[in-house]
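[1] Here is a sequence with its predicted model. Questions after.
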Amino acid sequence: MPKDTPLAPTHTQCNLCLDKFNRSETFPLHKYHSLTHRYCKSCLRETILAATKSEGRYPPRCVTCLSSATGTHTTLLSKIDTAEALKIGTGILSYPEILAYQAAVVEFETPAKDRVYCHDYRACGSFIPKSSHSREEAKCMNPTCFKKTCTVCYEGIPGTKLGHMLSCRKRPSFGDEEFGKLKESKEWRECGRCGRVVELRDGCHHVK
């Protein structure tokens, strides 16, 4: 080994709890750039579990990056690379915790307007991912539930999907669909306050 090659330190500091550990007992937070921030196993585990339970803590982020960076730099670089932590062999997370985090990723990465939750919010309320949707029916995959939720009105489907389609209070009827086409062809607009459809005969296009 050349004389001018520095030896890698055997100990390093956790950037969260600030305790010192053997370097092999800490984990790098960033994979694709030059930052060398590391967390100990306990701190990395708690950070990921917090992100699993709260969307406000997702995605898991490096506290050092958050305290020293602003704007786009914070958004891009503070995100922790969780690939290593999600491996069973590292011992950071148990298998159920890994599954829970992966489920949280799917939920939190889904736009809020597109999310569907089990209608039985008292007993379940679980998020139902797109992979469990079939047309306008979403089946809860919670092993204690398996109930079906309508993706149009978000109420339960107790019987057949066809039966619910006939009673779904938010499903447009044939007349509604035909009127919608007419409204579009005539360029009619809805009042922002009362929701009634109005037609412009003269004057400006402002509706109030």
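    Thanks, I have it.
[2] where do the strands sit along the chain?
    11-13, 20-22, 26-28, 38-40, 133-134, 137-139, 148-150, 189-190, 197-198 (DSSP state E).
[3] Dump these to a markdown table, plus distance to residue 84.
    C-beta here means a position set from N, CA and C on the backbone, and glycine is covered the same way. Shown next, in a markdown table, are the strands of the chain (distance: least, CB to CB, whole Å):
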| stretch | distance to residue 84 |
| --- | --- |
| strand 11-13 | 16 |
| strand 20-22 | 16 |
| strand 26-28 | 6 |
| strand 38-40 | 11 |
| strand 133-134 | 32 |
| strand 137-139 | 33 |
| strand 148-150 | 36 |
| strand 189-190 | 52 |
| strand 197-198 | 57 |
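[4] Could you identify which of these has the lowest mean pLDDT?
    The minimum mean pLDDT among those belongs to strand 197-198 (a mean of 63).
[5] Just the helices from this protein, written as ranges.
    With helices called from DSSP state H, the chain shows them at 41-53, 63-68, 71-77, 95-109, 161-167, 174-186.
[6] that older thread, could I get the strands of the chain in a markdown table, plus columns for distance to residue 168 and mean neighbour count?
    Shown next, in a markdown table, are the strands of the chain (distance: least, CB to CB, whole Å; neighbours: other CB atoms under 10 Å):
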| stretch | distance to residue 168 | mean neighbour count |
| --- | --- | --- |
| strand 11-13 | 58 | 15 |
| strand 20-22 | 57 | 14 |
| strand 26-28 | 49 | 19 |
| strand 38-40 | 49 | 24 |
| strand 133-134 | 15 | 12 |
| strand 137-139 | 11 | 19 |
| strand 148-150 | 6 | 23 |
| strand 189-190 | 22 | 13 |
| strand 197-198 | 22 | 12 |
